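[1] Have a look; sequence and predicted model below, questions after that.
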Amino acid sequence: MNILVTGGTGYIGSHACVALLEAGHDLIVVDNLYNSKIDTLEKMMRLTNKEITFYQVDLTNELAVDKIFSIHSIDGVIHFAGMKAVGESVEVPLTYYYNNIVSTMVLVKACLKYNVYRFVFSSSATVYGDNTVPFVETMDLLPTTNPYGETKAMSERILIDIAKANPTFSVSLLRYFNPVGAHESGLLGERPNGTLNNLMPYVTQAAKGVIKKLKVFGSDYPTVDGTGVRDYIHVMDLAGGHVAALNNIKKGVQIYNLGTGKGTSVLELIHAFEKENGIEVPFEFVNRRPGDIAICYADVSKANKELNWTAKRDIFAMCRDTWRFEQNLVK
């Protein structure tokens, strides 16, 4: 199929593009390069030996988006593009609401106009709020603690309502847990522009000596060792989940958790990184961050059953592939 991928040069988007190309799909990638780099495009093509059509376009630009749809025959859309820093969203909420929600509406409007009825949306486990673990797709969504999470929940509601009003529209909402890792080649990985927002890049910065110590937020949570527990998933397993969702898309709305179904504490992740890569990660405990929950992990039985998908790589593979990518960056 011809698949339009938004945010396709970003961390998760680029790995998903590789998986989609390897699965035989042709890609049109749209990205404004706000939080990604153009050389990622060449790396994706080198890894797959396939061409990618690319547009540097902001999805809030309705005329530019409409033009792309008018030029290409598109069979489906995977929508990754969006601002995603939780802390930043609290500081500039209007920017997040405008960018993340307007871009989704512009994209769906074009889909309906040009009869594109397959739509896979990059959502987040953030929409569950502080629910009881494991998080199950049938749970009521709780108010999230930040504007970023609210934009995901609102986008989900918009897509659900549009699917109700348009019976031919097929939507797959994929709720990610905590993506880490990199492509096993070491060519693709997490390369954010500006401030780092996820744990693993800080782990590698501490390992490389770029920062003195990794800050571990909170040591008194009701967990195995007092640190927060999260469901870390290898980015290539997550990429495979998108291929499975696209290939198994059905009319109406389907919601799937994409995680491992297993929680790992921050300290367990640090120690796994040290053991796998033979390098010390200096860290210090600091106060909890407002809004952080103690434990978050997925019930993944629905994706296992309906998509025939499961996360195969363990925490050690995530740490190994991350470090390989980081070492390639400095060569």
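    Ah, there it is.
[2] Output the lowest mean pLDDT helix or strand found in this protein.
    helix 86-91 (a mean of 86; mean pLDDT, DSSP states H and E).
[3] can you dump the C-alpha coordinates of the helix or strand following it into CSV?
    As assigned by DSSP states H and E, the chain's next helix or strand after helix 86-91 is helix 93-97. C-alpha atoms of helix 93-97 as CSV (Å, rounded to 0.1, in the frame of the first residue of the first chain):
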residue,chain,number,x,y,z
PRO,A,93,0.0,24.6,26.7
LEU,A,94,-1.5,26.6,23.8
THR,A,95,1.3,25.6,21.5
TYR,A,96,0.7,21.9,22.3
TYR,A,97,-3.1,22.1,22.0
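[4] helices or strands next to the helix or strand just after helix 93-97 in the packing?
    Sequence-wise, the next helix or strand downstream of helix 93-97 (DSSP H and E) is helix 103-113. Applying 3 or more Cβ pairs under 8 Å, 6 or more residues apart in numbering; DSSP states H and E, one finds that helix 103-113 contacts helix 62-71, strand 76-79, strand 118-124, helix 147-165. C-betas here are computed from N, CA, C, even on glycine.
[5] Take those and write them to CSV, including mean pLDDT and mean neighbour count.
    Formatted as CSV, the helices and strands packed on helix 103-113 follow (pLDDT from 0 to 100; neighbours: other Cβ atoms under 10 Å):
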stretch, mean pLDDT, mean neighbour count
helix 62-71, 98, 15
strand 76-79, 98, 24
strand 118-124, 97, 24
helix 147-165, 96, 19
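[6] who touches the least confident helix or strand of the chain?
    83, 96, 126, 146-149, 151, 195, 197, 291 (Cβ atoms under 8 Å, 6 or more residues apart in numbering).
[7] returning to that earlier point: so which of the helices and strands packed on helix 103-113 is nearest residue 109?
    Taking Cβ to Cβ, helix 62-71 is the member of these nearest to residue 109, at 7.4 Å.
[8] Pull the distance from the closest one to the chain's centre.
    With Cα atoms, centre = their mean, to the nearest Å as the basis, helix 62-71 stands 25 Å off its chain's centre.
[9] looking just at contacts, which helices and strands does that helix meet?
    Using 3+ Cβ pairs under 8 Å, 6+ apart: helix 62-71 touches strand 26-30, helix 103-113.
[10] Of those, give the one that comes closest to residue 187.
    strand 26-30 (16.5 Å).
[11] Just the mean pLDDT for the following helix or strand past that closest one, thanks.
    Sequence-wise, the next helix or strand downstream of strand 26-30 (DSSP H and E) is helix 39-48. Helix 39-48 comes out with an average pLDDT of 97.
[12] The closest residue to residue 130 other than its chain neighbours: what's it in contact with?
    Once flanking residues are discounted, residue 130 sits nearest to residue 293: 4.8 Å by Cβ to Cβ, 6 or more residues apart in numbering. Residues near residue 293 by Cβ under 8 Å, 6+ apart: 129-130, 228.
[13] picking that back up, from the contacts of helix 86-91, pick the one nearest residue 108.
    residue 151 (14.6 Å).
[14] Residue 241 versus the closest residue to that closest one other than its chain neighbours, what's the distance?
    Ranked by Cβ to Cβ, 6+ apart and with sequence neighbours excluded, the top spatial neighbour of residue 151 is residue 100, at 3.7 Å. Applying Cβ to Cβ, to the nearest Å, the value for residue 100 to residue 241 is 21 Å.
[15] between these two, which one's more packed in?
    Taking other Cβ atoms under 10 Å, residue 100 and residue 241 do not tie; residue 241 has more neighbours (27 against 23).
[16] so which helix or strand takes in the most centrally placed residue in the chain?
    Centrality entry for the chain: nearest residue to the mean C-alpha point is residue 12, 5.0 Å, by Cα atoms, centre = their mean. Secondary structure from DSSP H and E places residue 12 in helix 11-22.
[17] Can you give the contact residues for that helix?
    In contact with helix 11-22 (Cβ under 8 Å, 6+ apart) are residues 3, 5-8, 27, 29, 31, 36, 40, 43-44, 47-48, 50, 52, 78, 80-81, 122, 176, 179, 182-183, 188-192, 235-236, 238-240, 242-243, 246.
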